[in-house]
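Peer 1: Build the 3D model from these lines:
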Amino acid sequence: MLISSDQLNSSRIKASDGELGHIKDVYFDDQNWTVRFLVVDTSRWMPLSQKVLLSPISLRDFNKEDEELAVSMTMEKVKDSPKVEDQDTVSRGFEKQYYEYFGYGYYWTGMDLWGDYLYPGALTAPGTIVHTEIEQDDREKNNHLRSAQEVLEYDIHIDSADSAQLEDFIWDSYNWSLKYLVVDTGDWLPETKKVLVACKHIDSIRWDTKSVKLNISVAQIAQCAEYDPDNMPDHT
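Peer 2: Numbers count the residues shown, from 1 in each chain. Next comes the predicted model:
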């Protein structure tokens, strides 16, 4: 199923014994374009200044109509989980601590999006949980994880054209990889519209200038499907 960041950010998270809160952001890996954590606002029952993070490994069902995501853990388990301060980035050392706390296999040790697997749920199986030491440099550095909410404020650029606006991300809930960017075409086309641009057209992201460059022409943009949140394309 395809889910937009906008849809996620209005969704509630339900643990096995109660409601945890609602999603306020996702952190994605800018190398593999895959969601690694959901950032959850738990202030209703756990008023802390720290970020509460949930891995897609824990997700079970998404009810799109009710805007509710179910996770396979208790509220107490989440309350006691490793957290980071609001202003801090997520280091590999934190991820290692987090994954060991929940008993998950590492996603960064294999060749696929999730370790040796294509989807996150496979990393809960006992045979996948092999924890190894990591070098100190890797422990401290951040892991190319980016806030979707931050990147959604970036401009979109293509060759020989003015900038346009990045409006949303479309994720595949099977493996939580990025499928499309929703782009407001601005002055690129005679009539402004929002279109779906496949993630394969992302050329680069400039963090210093807060911009995304696409390897696609204006003529190709004109052929992209118009974005309709109620009529998503087939993700296969």
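Peer 1: use CA for all of it now, contacts and neighbours both
Peer 2: Fine.
Peer 1: Can you tell me how far the nearest residue to residue 12 once chain neighbours are set aside is from residue 170?
Peer 2: Ranked by CA to CA, 6 or more residues apart in numbering and with sequence neighbours excluded, the top spatial neighbour of residue 12 is residue 22, at 4.1 Å. Per CA to CA, to the nearest Å, residue 22 is found 18 Å from residue 170.
Peer 1: Where do the domain boundaries of this protein fall?
Peer 2: The chain resolves into domains spanning 2-146, 152-223 when parsed by automatic domain parsing.
Peer 1: The residue nearest to residue 12 against residue 15, yeah?
Peer 2: No: between residue 22 and residue 15 there is no contact under CA atoms under 8 Å: 11.5 Å.
Peer 1: Switch the domains of the chain over to a markdown table; also include mean neighbour count, mean pLDDT and distance to residue 229.
Peer 2: Converted to a markdown table, the domains of the chain look like this (neighbours: other CA atoms under 10 Å; pLDDT from 0 to 100; distance: least, CA to CA, whole Å):
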| stretch | mean neighbour count | mean pLDDT | distance to residue 229 |
| --- | --- | --- | --- |
| domain 2-146 | 17 | 86 | 8 |
| domain 152-223 | 17 | 92 | 10 |
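Peer 1: Can you say which of those is nearest to residue 234?
Peer 2: Comparison of the domains of the chain against residue 234 by CA to CA identifies domain 2-146 as nearest, at 8.3 Å.
Peer 1: can you give me how far that closest one is from the chain middle?
Peer 2: 10 Å (CA atoms, centre = their mean, to the nearest Å).
Peer 1: What of stretch 221-232?
Peer 2: 21 Å.
Peer 1: For the residue sitting furthest away from the middle of the chain, pull up the helix or strand it's in.
Peer 2: Centroid-distance maximum for the chain: residue 190 at 32.3 Å, with CA atoms, centre = their mean. Assigned by DSSP states H and E, residue 190 belongs to no helix or strand.
Peer 1: Please look at residue 69 and residue 62 and confirm they touch.
Peer 2: Yes: using CA under 8 Å, residue 69 makes contact with residue 62 at a distance of 4.5 Å.
Peer 1: What segments of this protein are helices?
Peer 2: 5-8, 75-79, 92-102, 136-140, 148-151, 218-223 (DSSP state H).
Peer 1: Adding distance to residue 109, write those out as TSV.
Peer 2: What follows is the helices of the chain, written out as TSV (distance: least, CA to CA, whole Å):
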stretch	distance to residue 109
helix 5-8	27
helix 75-79	25
helix 92-102	11
helix 136-140	13
helix 148-151	24
helix 218-223	37
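Peer 1: Mind checking the ones you listed for the one nearest to residue 162?
Peer 2: helix 218-223 (10.6 Å).
Peer 1: Can you show me the CA trace of the closest one as CSV?
Peer 2: Provided in CSV are the C-alpha atoms of helix 218-223 (Å, rounded to 0.1, in the frame of the first residue of the first chain):
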residue,chain,number,x,y,z
VAL,A,218,10.1,19.6,-18.2
ALA,A,219,8.7,17.5,-21.1
GLN,A,220,8.9,14.4,-18.9
ILE,A,221,7.4,16.2,-15.9
ALA,A,222,4.4,17.1,-18.2
GLN,A,223,3.9,13.3,-18.7
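Peer 1: what's the distance between residue 80 and residue 186?
Peer 2: 46 Å.
Peer 1: Please name the bridge partners of the residue nearest in space to the middle of the chain.
Peer 2: Closest residue to the average C-alpha location of the chain: residue 35 at 2.9 Å, with CA atoms, centre = their mean. For residue 35, the beta-bridge partners under DSSP bridges are residue 28.
Peer 1: which ones are touching it?
Peer 2: 26, 27, 28, 29, 56, 176, 177, 178 (CA atoms under 8 Å, 6 or more residues apart in numbering).
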